[in-house]
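Q: How does the following fold in three dimensions:
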Amino acid sequence: MASLATQLLLMLLVILAASELFTNALEHLGERLGISEGVTGSLFAAVGTALPETMVPLIALVAGTGSAEVNAEIGTGAILGAPLMLSTLSTFLMAAAVLPRRGLGGRLHPERTGLLRDLHCFLAAFALACAAMAVPYEARTVRAGLGIALVLLYFLYLLLTLHASRALVAEGHGTEAGSRMLLGRIGLPVNLFTIALQLIGATALLVAGAKGFIGGVEGAAHALGVSPLLLSLLIIPIATELPEKVNSILWVRRGKDTLALGNITGAMVFQGTLLPAIGIMTTPWQARTEVLGGIVITLLAAAWLRIMARPGGMPLWAPLVNGGLYLAYLALTLLPLR
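A: Numbers count the residues shown, from 1 in each chain. Below is the predicted model of the structure:
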């Protein structure tokens with residue numbers, strides 16, 4: 001266990017360093033392209049940092065273990081576990097990071113129209129993905145139609161987000177880099193090539209760090225005798241969501257609330273559309289007790305964020321409530337195992 005703890009610590013440090021590189025380069029890219037913070041956070045950052053958790057279900061389904069049943073359990077759990085962690089634990093940690101500075105009565109001030117668009121798209125997509133669990137596996141045509149609908153919903157979301165960017169920039173919501181680009185500090189020119197170079201390097205580090213962290217978490221879970229489904233629903237997403245958590249904490253502490261929340265909610269849309277589409281079409285996609293509990297908690301957490309996304313800003317205590325929802329999920333999942 002000592003070697004596993006060392007591995008987890010080293011990989012966490014890699015993720016922290018990569019997140020600093022990633023957010024720094026992404027701010028410069030958004031500023032250079034003249035796009036809104038909504039596009040930078042909800043699209044670029046969300047998709048880039050979603051790579052680690054996206055790889056887990058894909059690898060499990062395509063080239064996992066020798067058991068098709070275990071592969072399906074890991075794939076389904078990882079697909080549904082990611083939005084659960086994003087909507088509960090990630091939002092809680094983001095708010096907790098600025099609680100000492102802003103106080104319990106403080107507010108988060110993201111650009112509201114983009115936040116609402118993210119949450120509306122996610123709630124619609126995730127509800128559709130959940131409804132697909134009632135469709136028999138043999139009804140391949142219906143399942144394929146539902147999967148295609150989720151893919152089209154994500155592309156519609158992309159178009160709406162990009163369309164809104166120009167007006168938001170004109171209103172003062174353009175992306176602004178808060179500090180010099182890190183590669184520029186060592187004498188390299190700051191241009192699209194070096195920005196892309198830093199982004200690619202940071203993304204590679206994020207993926208490598210997350211994969212190493214997942215390996216350590218899996219080793220610990222197997223040593224503790226945790227089931228594959230519980231591992232993929234509860235444990236792996238904690239590791240794979242680290243890039244989003246760290247990026248959002250870095251941004252919210254710098255006062256970039258739109259980037260911080262958009263990084264989470266944009267990843268929720270990505271994880272709630274494209275990956276469930278794959279799960280619906282390639283796995284039994286059946287409702288089980290552990291799965292249903294996670295679905296209900298995820299929908300409650302997202303709906304709560306939508307309710308609290310007020311014109312004057314989101315109360316800082318609102319995302320802290322989502323931490324309580326995560327604890328409720330832990331209780332629902334772990335207590336029956338005792």
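Q: what bits of the stretch 151-300 of the chain have low per-residue confidence?
A: In the prediction, the stretch 151-300 of the chain carries residues with pLDDT under 70 at positions 210, 213-218, 220-222, 224-236, 238-242, 289-290.
Q: hmm, try it at 90
A: Within the stretch 151-300 of the chain, the stretches with pLDDT under 90 are 158, 162-192, 195-196, 198-247, 250, 267, 271, 274-296.
Q: And for the stretch 1-150 of the chain?
A: 1-82, 84-85, 130, 133-134, 136-140.
Q: can you give me the strands for it?
A: Using DSSP state E, counting those that start in this stretch, the strands of the stretch 1-150 of the chain run over residues 107-108.
Q: Quick one: the helices in it, in order.
A: Ranges of helices in the stretch 1-150 of the chain, per DSSP state H, counting those that start in this stretch, are 2-33, 37-39, 46-49, 51-63, 68-85, 91-97, 99-102, 112-131, 140-168.
Q: which stretch among those helices comes nearest K256?
A: helix 37-39 (7.0 Å; CB to CB). C-beta here means a position set from N, CA and C on the backbone, and glycine is covered the same way.
Q: Packing partners of that closest one?
A: helix 140-168, helix 257-282 (3 or more CB pairs under 8 Å, 6 or more residues apart in numbering; DSSP states H and E).
Q: repeat that for 6 Å
A: In this structure, helix 37-39 packs against helix 257-282, with contacts taken as 3 or more CB pairs under 6 Å, 6 or more residues apart in numbering; DSSP states H and E.
Q: mind putting the helices of the stretch 1-150 of the chain in a markdown table, mean neighbour count and distance to R253 included?
A: Putting the helices of the stretch 1-150 of the chain into a markdown table (neighbours: other CB atoms under 10 Å; distance: least, CB to CB, whole Å) gives the following:
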| stretch | mean neighbour count | distance to R253 |
| --- | --- | --- |
| helix 2-33 | 19 | 11 |
| helix 37-39 | 28 | 16 |
| helix 46-49 | 24 | 17 |
| helix 51-63 | 20 | 22 |
| helix 68-85 | 25 | 20 |
| helix 91-97 | 23 | 6 |
| helix 99-102 | 12 | 8 |
| helix 112-131 | 20 | 19 |
| helix 140-168 | 16 | 23 |
